[in-house]
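Asks: pasting the sequence and the predicted model now:
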Amino acid sequence: MEPMKAKRHYVVRAGARSASHDPQVPGDSPTSACERPDDGLQDSGQSPAARMFSEIIEAVPTGIALSRLADGRFCNVNSEFEDISGYRCDELVGRSPADLGMWTDAGQREHFVGLLKRKRQVRDLNAQMRARDGSVRAISLNARLIDGGNGSYILSALVDLTKRGREEQRMGRVLVEREALLRELVHRTRNNMQLVIGLLNRQADESGDPALTGALAKVKRRIHSMALAEDKLRDAEDYSSLDFDEYVRDLVTDLLREHGVSPDRVAVNLSAEGIRVPIDVATPCGLILTELISNAIMHAFPEGRTGTITIRVRRLKNGEIELGVKDDGVGVRPGFDVGRESHLGLQLVVALGERQLGGRVTFDTTRGMACTVAFREPQYQYRAR
């Protein structure tokens, strides 16, 4: 840890007085301008408000310098200016940037002073400054002309753009590395899911048990819905959310293809608004849609019956997202109660909709079967670390 720098006090006294009372006018010594009372035992003659202002000047992460307009000689600087320039305060006071070769272009000071004299202030002037070690730093310079007892002074505030640029480059490299890491993580997650699906396929082929094969097919569909969400996240511009409309359309297409549903027998109407959701919302929604659509395809239209499955995804006026799957098939048996059903798929729909998404799940069996899940999109805090 760097040692704490002692505090300084900055004073520009207006009004006529002897030269020795103004900051670093002829007759002053550099050390007097750079005094740093660090224990409160020395009295600078400042009011509490002035002392507080002095401490603020020392604390700001901006280089602050007070200099004479007439010859450019420094009267005082803060610690940040020392860090940027590489000079100590007592090496600067009484000397001008020209004396130290700080201006890289002889015309910079004339341009700078000319602007000050015309406008009495300069804002966001891009310039270059040569530091003590000979390096050239790009700076953004703001300055104001102020009147003191023995003439005019320049109060300057500068930001080291070179340092900021290096920091931005470093942060850029960190972001690129994190993005590459996230892409690799998504890629490996997707590959692992495909590996699991491959193992399930092999197990189904070897079992010869229709019941086991059917159960494994349901598991594969659920894994595929999660893998598809990972695919969409991988292709997204950022990893905060994915295009839910596109995800749902691709999921429905894959399910219809897997079940071998002919559009001449079962028509599918899909209405999906352009909604973006985070991955941990898309995944349970995908599982819910997979269960409901698969249930409709497998049970609503037996013995070659024709019909329609309607799928709707929309944002309600109250801000909630609503998922709906409805079919006009044969419906359910009398006395159907989801809460008492042993059907894993429907239990999964209720558990995901109510517990994971914190929403409401409703079923309507008056004509065919319809299920609606409405939930409010959670407000996430930024969690990447």
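Replies: Nice, thanks for sending it over.
Asks: contacting residues around residue 248?
Replies: 270, 272, 286, 289, 311, 313 (C-beta atoms under 8 Å, 6 or more residues apart in numbering). (Each C-beta comes from the backbone N, C-alpha and C, glycine too.)
Asks: for these, which ChimeraX command selects only the ones that are buried?
Replies: A single ChimeraX command suffices to select whichever of the contacts of residue 248 are buried according to 16 or more other C-beta atoms under 10 Å:
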select :272,286,289,311,313
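Asks: pLDDT-wise, what's the bottom of the contacts of residue 248?
Replies: Across the contacts of residue 248, the member with the lowest pLDDT is residue 272, scoring 82.
Asks: that one is in contact with residue 315, isn't it?
Replies: No - in this structure, residue 272 is not within contact of residue 315 by C-beta atoms under 8 Å, at 10.6 Å.
Asks: let me have the contacts of residue 248 in CSV, adding secondary structure and distance to residue 52 as columns.
Replies: Formatted as CSV, the entries for the contacts of residue 248 read as follows, by DSSP: H, G, I helix; E, B strand; the rest coil; distance: C-beta to C-beta, whole Å:
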residue, secondary structure, distance to residue 52
270, strand, 65
272, strand, 59
286, helix, 58
289, helix, 62
311, strand, 65
313, strand, 58
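Asks: now do the end-to-end distance for stretch 125-138.
Replies: As for stretch 125-138, its first-to-last residue distance stands at 11 Å under the measure C-alpha to C-alpha, to the nearest Å.
Asks: ok, residue 206 - how many residues close by?
Replies: When neighbours are defined as other C-beta atoms under 10 Å, residue 206 has 9 of them.
Asks: before we move on, what SS does it have?
Replies: Applying DSSP: H, G, I helix; E, B strand; the rest coil to residue 206 yields a three-state assignment of helix.
Asks: separation between it and residue 220?
Replies: Taking C-beta to C-beta, to the nearest Å as the measure, residue 206 falls 15 Å from residue 220.
Asks: tell me the one of the contacts of residue 248 nearest residue 58?
Replies: Distance from residue 58 was checked for each of the contacts of residue 248 by C-beta to C-beta. The minimum falls on residue 286, at 56.8 Å.
Asks: wait, the closest one sits on residue 227?
Replies: No - counting by C-beta under 8 Å, residue 286 sits too far from residue 227 to count as a contact (9.6 Å).
Asks: give me the number of residues near residue 154?
Replies: Other residues within reach of residue 154, judged by other C-beta under 10 Å, total 20.
Asks: tell me which element it falls in.
Replies: For residue 154, the host element (DSSP states H and E) is strand 151-160.
Asks: swap in residue 323?
Replies: According to DSSP H and E, residue 323 maps onto strand 320-327.
Asks: who does that strand touch, helix- and strand-wise?
Replies: Applying 3 or more C-beta pairs under 8 Å, 6 or more residues apart in numbering; DSSP states H and E, we find strand 320-327 packed against helix 279-299, strand 307-315, strand 369-376.
Asks: which strands and helices sit next to the helix or strand containing residue 178?
Replies: Counting by DSSP H and E, the element that carries residue 178 is helix 161-207. Packed against helix 161-207, as judged by 3+ C-beta pairs under 8 Å, 6+ apart, are the following elements: strand 136-148, helix 210-235.
Asks: what's the angle between that helix and helix 279-299?
Replies: Taking axes from the mean of the first three to the mean of the last three C-alpha atoms, to 10 degrees, one finds helix 161-207 and helix 279-299 inclined to each other by 20 degrees.
Asks: and helix 161-207, how far out from the chain middle?
Replies: Helix 161-207 has its C-alpha centroid displaced from the chain centroid by 18 Å (C-alpha atoms, centre = their mean, to the nearest Å).
Asks: what about that helix, average pLDDT?
Replies: The pLDDT scores in helix 161-207 average 74.
Asks: send me the helix or strand containing residue 53 as CSV with only the CA atoms.
Replies: Counting by DSSP H and E, the element that carries residue 53 is helix 48-59. As requested, C-alpha coordinates have been extracted for helix 48-59 and formatted as CSV (Å, rounded to 0.1, in the frame of the first residue of the first chain):
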residue,chain,number,x,y,z
PRO,A,48,-12.9,25.7,8.0
ALA,A,49,-14.7,26.0,4.6
ALA,A,50,-11.5,27.0,2.9
ARG,A,51,-9.5,24.2,4.5
MET,A,52,-12.2,21.7,3.4
PHE,A,53,-11.9,23.1,-0.2
SER,A,54,-8.1,22.7,-0.1
GLU,A,55,-8.5,19.0,1.0
ILE,A,56,-11.0,18.5,-1.9
ILE,A,57,-8.4,19.9,-4.4
GLU,A,58,-5.8,17.4,-3.0
ALA,A,59,-8.2,14.5,-3.2
